[in-house]
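# Fold the stuff below for me.
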Amino acid sequence: MWTGVLPAVTTKFTPDGDLDHAEMERCFALQMQAGCDGIIVCGSLGEGPMLSPDERLAVLKTARSVAGPKPVLLTISEAGTREACALAARAAKAGASGLMVVPSPIYHTDADETVATLSAVAAAGDLPVMIYSNRVAYRVDVTVPIMERLAADARFVAIKESSDDIRRTTEIINHLGDRFAVLTGVDNLAFEALSVGAVGWVAGLVVAFPEETVAIYRLMKAGRIAEALEIYRWFRPLLDLDVSTFLVQNIKLAEALAIGSTEHLRMPRKPLSGERRAAVEAIVRTALERRPALKRAA
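Predicted structure coming up:
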């Protein structure tokens with residue numbers, strides 16, 4: 001149901017900390033113009049936990065206005081299942097195409113609890129669901145046996161696979177075939193995941209470098225592996241910025257340098273400074289200087 005490049009977009013703020021819908025419209029439009037296949041709002045990179053439910057729905061509405069016929073997913077990442085269900089139901093009424101659901105970002109659910117909470121949220125929203133499995137960040141691993149239990153519910157259509165274990169993509173396909181669309185959620189494992197059967201890329205650095213991200217995906221799908229790998233090798237230092245405690249600050253700085261966007265954040269996050277900022281700036285500026293010429297994939 002969902003394939004291709006789906007940007008996990010950043011949320012834009014004014015200097016006073018309010019939502020900056022005009023800048024979001026501009027940046028989301030850049031993603032669409034580059035050929036991205038949908039938008040995911042209010043995830044980790046989108047500072048979803050820092051937004052009220054009303055603000056998340058407002059961001060959803062803005063993305064929906066830009067995406068046209070392409071899907072827009074709202075991230076559900078609530079500490080409690082009741083709150084997650086309430087937001088899922090509101091997202092459905094607000095026009096979300098689907099949901100990306102984190103089992104629990106605070107309490108580390110066991111297998112039975114994971115199945116129960118994901119099933120409850122899916123029922124509440126009654127929309128297609130992408131499971132977000134990220135044992136590194138959230139300490140909840142949606143394993144193949146858990147996916148087998150969820151497979152009976154047709155609302156579960158995809159998984160954002162962020163276990164940081166490249167073997168997992170093959171394990172899912174070997175056990176479940178094409179029952180779930182597997183999308184890689186780790187930027188600096190994207191080439192590897194697409195090589196072994198992932199059908200999509202929930203991407204982070206795409207928000208600053210949309211054309212290159214789309215080019216890698218399309219070249220891979222066209223079988224032009226060497227050309228994709230050449231771009232990917234150039235991209236890797238940038239993609240590593242996504243795998244960091246400071247991913248939001250890193251990527252907003254990359255956006256500022258690459259597409260002229262802003263770095264405004266919701267506290268407790270603050271913009272990068274000092275040596276850390278200098279290091280990230282050097283990575284981005286070097287990449288911009290060495291930016292490859294792109295060839296259109298068939």
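
# following the lowest-mean-pLDDT helix or strand in the chain, which helix or strand shows up next?
Least confident helix or strand, the chain: helix 135-138 with a mean of 65, by mean pLDDT, DSSP states H and E. Later in the chain than helix 135-138, the nearest helix or strand by DSSP states H and E is helix 144-150.

# tell me what that next one is packed against?
Using 3 or more CB pairs under 8 Å, 6 or more residues apart in numbering; DSSP states H and E as the contact test, the elements touching helix 144-150 are helix 111-125, strand 156-161, helix 167-176. Backbone N, C-alpha and C define where each C-beta goes, glycine included.

# ranges for the strands of the stretch 151-298 of the chain?
Remark: strands assigned in the stretch 151-298 of the chain by DSSP state E, counting those that start in this stretch are 156-161, 181-184, 200-203.

# Please identify the deepest-packed of these.
Among those, judged by mean count of other CB atoms under 10 Å, the one packed with the most neighbours on average is strand 200-203 (a mean of 29).

# Using CSV, write down the CA coordinates of that strand.
Output for strand 200-203, consisting of C-alpha atoms alone and laid out as CSV, is shown next (Å, rounded to 0.1, in the frame of the first residue of the first chain):
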residue,chain,number,x,y,z
GLY,A,200,10.2,2.0,0.8
TRP,A,201,12.3,4.4,2.8
VAL,A,202,11.0,6.4,5.7
ALA,A,203,13.7,9.0,5.4
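
# and that strand, average pLDDT?
Mean pLDDT, computed over strand 200-203, is 96.

# So which other helices or strands are in contact with it?
Strand 200-203 sits against strand 4-7, strand 181-184, helix 190-195, helix 210-221, with contacts defined as 3+ CB pairs under 8 Å, 6+ apart.

# Swap in 6 Å and give it another go.
Helices and strands in packing contact with strand 200-203 are listed as strand 4-7, strand 181-184; criterion 3 or more CB pairs under 6 Å, 6 or more residues apart in numbering; DSSP states H and E.

# Now do the strands in the stretch 1-150 of the chain.
With DSSP E, counting those that start in this stretch as the definition, the stretch 1-150 of the chain shows strands at residue ranges 4-7, 39-41, 72-76, 98-101, 129-133.

# Make JSON lines from these and add mean pLDDT to it.
Written out in JSON lines, the entries for those read as follows (pLDDT from 0 to 100):
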{"stretch": "strand 4-7", "mean pLDDT": "98"}
{"stretch": "strand 39-41", "mean pLDDT": "98"}
{"stretch": "strand 72-76", "mean pLDDT": "97"}
{"stretch": "strand 98-101", "mean pLDDT": "97"}
{"stretch": "strand 129-133", "mean pLDDT": "94"}
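
# quick one: which of these is nearest residue 285?
With distances scored as CB to CB, the stretch of these nearest to residue 285 is strand 4-7 (22.3 Å).

# Restrict that closest one to CA atoms and write it as PDB.
Extracted C-alpha coordinates of strand 4-7, given in PDB (Å, rounded to 0.1, in the frame of the first residue of the first chain):
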ATOM      1  CA  GLY A   4       8.800   4.700  -2.200                       C
ATOM      2  CA  VAL A   5      10.300   7.600  -0.300                       C
ATOM      3  CA  LEU A   6       8.200   8.900   2.700                       C
ATOM      4  CA  PRO A   7       9.800  11.800   4.400                       C
END
